[in-house]
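Q: Here's my sequence, what's the structure:
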Amino acid sequence: MQWLMLVVTFVVMAVLQRLARGGPLEARATLALGFLTLAAYVAGTLAQRLRLPRIVGYLVTGLVAGPAWLRLVHADEVQALAPIASGALSLIAFAVGSELTAEVLRGERRRTVGRIVAGAITVPFAAVMLVVLTVSPWFPLTAHQPFRDALAVALALGALATVSSPTLTWSVIHDLDARGPLSRTTLDVTIVQDLIAVLLLIVVVALALPIASHGAVTPGVATHTLLVLGGSIVVGIALGLAAGQYLRAIRGQLTWVLVILAFIAAQAVRLLGLDPVLFALAAGCALRNAAPEHSERVRAELKRCAIPIYVVFFALAGSNLQLDVLAEMWPWALLLAGLRVAGLWGGLRWAARDPAVGADWANYGWLGLVSQGGLAVTLAAVLRRAFPEWNVSLEALLVAMIGVHQLVGPICFQWVLRRSGEVTQVEESHDRETPGTAEHAGDSGAVIVGGSRM
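A: As a prediction, the model looks like this:
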């Protein structure tokens, strides 16, 4: 019945799309949002039956219905819905930031996280950079280019390979209600890794200007990127502190607080060009450390509203996936993706030599860092502006690779969580409302974590 419902939803959307052709963009975008929400929710349930993360079902629905495939949702409609996607992404990133505490920078935990981050950044960066530089005479972006330009492109691709996705990581953890040291450490690692990756990419863009030939790199891009990404963190911290003061004054429902936060984030992204992930991460972290008791209230509300937020964001994210470039450059895309994954494996093997890290990270924990998401897309756009000679081709290749990691990463991480025993079984459920809550429709929605029924 669920498969039938999904097919009927697509058929009805195809009919309505033809009837609404030529109508106002706002009306068509609203229709597209409603269709994507319904279809993605059903597809997520089907994905869960197949023992896949529900997030994958949401993403695939957007990909199939979006401009890349069936075109039931058009590119202009996806663009019109971008503020909603930014708001939903900001709420997820805010929840991720609210999980980060100062404990990650103290004692044994700092040593563990630092060692893993060092391995997850250094080895993928070196692997991608060296191999791209080696094959530069045949690589599409650097063929017939001088060595100095090839070096600049290799450094940029290596820097992007260090980016992970804390939002996807947290979404999978929350969807499975996973609890344990590996899931907690993976989330901390992805947050710290992305902050360092942002700094690394800014340094790479700054170095590319004197390295590359004249005109190959846009002057001032490094400064502009630093202002935008640094401004995202500063504005996010200010918003988090302001939210703490506001929460001290109210004691009622927090749903409107989340709506206001999403609206502010969407407008900040649209008007100021800020990055929604860094902006919301900083806001959540500031609130958690400045007002932990109020941050707990917000986290509880975010968990209660998690499923609608996931459905909206990941369905729209799937509509933005651009995998058509793989038809032309799939050998190179697979090479870069394989180098990144191999680099993660090698980096975590090195990190696991420290007894504080543990053998689990060497055996399978590195698979939890495969995902890439919103921040990587932002940095791909930065590289497009930085290298005008290869802008469209470079960004298209990078976004296609990010899309592959976005689809494969949650599946890998779910396998890791099950393999580690932090989620031993996920029962098939039709009525489960939100993971992590006590109110489920019947026992079919129960989750067994570490051997105990939740």
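Q: got any ranges where this protein has weak pLDDT?
A: For the chain, residues meeting the criterion pLDDT under 70 lie at 104-107, 251-253, 325-326, 391-392, 424-454.
Q: Could you rerun that using 80?
A: Low-confidence regions of the chain, defined by pLDDT under 80, span residues 21-22, 100-109, 215, 249-257, 322-330, 389-393, 395, 424-454.
Q: residue nearest the centroid of it?
A: Nearest to the geometric centre of the chain sits Gly373, at 2.8 Å (Cα atoms, centre = their mean).
Q: residues in contact with that residue?
A: Gly373 sits next to Ser165, Thr167, Leu168, Val277, Ala317, Ile402, Gln406 when contact means Cβ atoms under 8 Å, 6 or more residues apart in numbering. C-betas here are computed from N, CA, C, even on glycine.
Q: Narrow the residues you listed to just the buried residues.
A: Members of the contacts of Gly373 that pass the buried threshold by neighbour count (16 or more other Cβ atoms under 10 Å) are listed as Ser165, Thr167, Leu168, Val277, Ala317, Ile402, Gln406.
Q: Please tell me I have it right and the last one contacts Tyr58.
A: No: proximity of Gln406 to Tyr58 does not meet the contact threshold set by Cβ atoms under 8 Å, at 11.0 Å.
Q: Between the two, which contacts overlap?
A: The overlap between the contact sets of Gln406 and Tyr58 (Cβ under 8 Å, 6+ apart) consists of Ala317.
Q: about what we covered before: ramachandran coordinates for the residue nearest to the centre of the chain?
A: Gly373 has phi and psi values of phi -150, psi -130 when expressed as degrees, to the nearest 10.
Q: The nearest residue to it once chain neighbours are set aside and Val135: what is the separation?
A: Spatial nearest neighbour of Gly373, chain neighbours left out: Ser165 (3.6 Å); criterion: Cβ to Cβ, 6 or more residues apart in numbering. Shown here: Ser165 relative to Val135, a distance of 27 Å by Cβ to Cβ, to the nearest Å.
Q: any idea how far the residue nearest to the centre of the chain lies from Leu379?
A: If you measure Gly373 against Leu379 using Cβ to Cβ, the figure is 11 Å.
Q: for Gly240, same thing?
A: Taking Cβ to Cβ as the criterion, Gly240 is separated from Leu379 by 23 Å.
Q: And for Leu367?
A: Counting by Cβ to Cβ, the gap between Leu367 and Leu379 amounts to 22 Å.
Q: In terms of neighbours, single out the busier of these two.
A: Neighbour count, other Cβ atoms under 10 Å: between Leu367 and Leu379, Leu379 has more, with 28 against 23.
Q: So that one is in contact with Leu200, correct?
A: No: contact status for Leu379 versus Leu200: not in contact, 10.0 Å apart, counting by Cβ under 8 Å.
Q: My read is that Cys412 contacts Gly365, right?
A: No: no contact is recorded between Cys412 and Gly365 when judged using Cβ under 8 Å, the distance being 10.7 Å.
Q: When the two are compared, which one has more neighbours?
A: Remark: of Cys412 and Gly365, Gly365 carries more neighbours, 25 against 19, as counted by other Cβ under 10 Å.
Q: so what's that one up against?
A: Taking Cβ under 8 Å, 6+ apart as the contact definition, Gly365 lies against Leu182, Thr186, Leu348, Gly358, Val416, Ser420.
Q: residues near the closest residue to His405 other than its chain neighbours, how many?
A: Nearest-residue entry for His405: Gln372, 4.1 Å, with adjacent residues in sequence omitted and distances by Cβ to Cβ, 6+ apart. For Gln372, the number of neighbouring residues by other Cβ under 10 Å comes to 28.
Q: Quick check: the residue lying closest to Leu375 once chain neighbours are set aside vs Ser371, distance?
A: Excluding its sequence neighbours, the residue lying closest to Leu375 (Cβ to Cβ, 6+ apart) is Val277, at 4.4 Å. In this structure, Val277 and Ser371 are separated by 13 Å, where distance is defined by Cβ to Cβ.
Q: Just to be sure, Thr142 is in a helix?
A: No: according to DSSP: H, G, I helix; E, B strand; the rest coil, Thr142 belongs to no helix; its state is coil.
Q: Just confirm it contacts Val153, I think it does.
A: Yes: the pair formed by Thr142 and Val153 meets the contact definition of Cβ under 8 Å, at 5.4 Å.
Q: which residues touch Arg197?
A: No, residue 197 isn't Arg; it's Ala. Per Cβ under 8 Å, 6+ apart, neighbours of Ala197: Ile121, Ala159, Thr162, Val163, Ser164, Leu375, Leu379.
Q: In three-state terms, label it for me.
A: Three-state call for Ala197 (three-state DSSP): helix.
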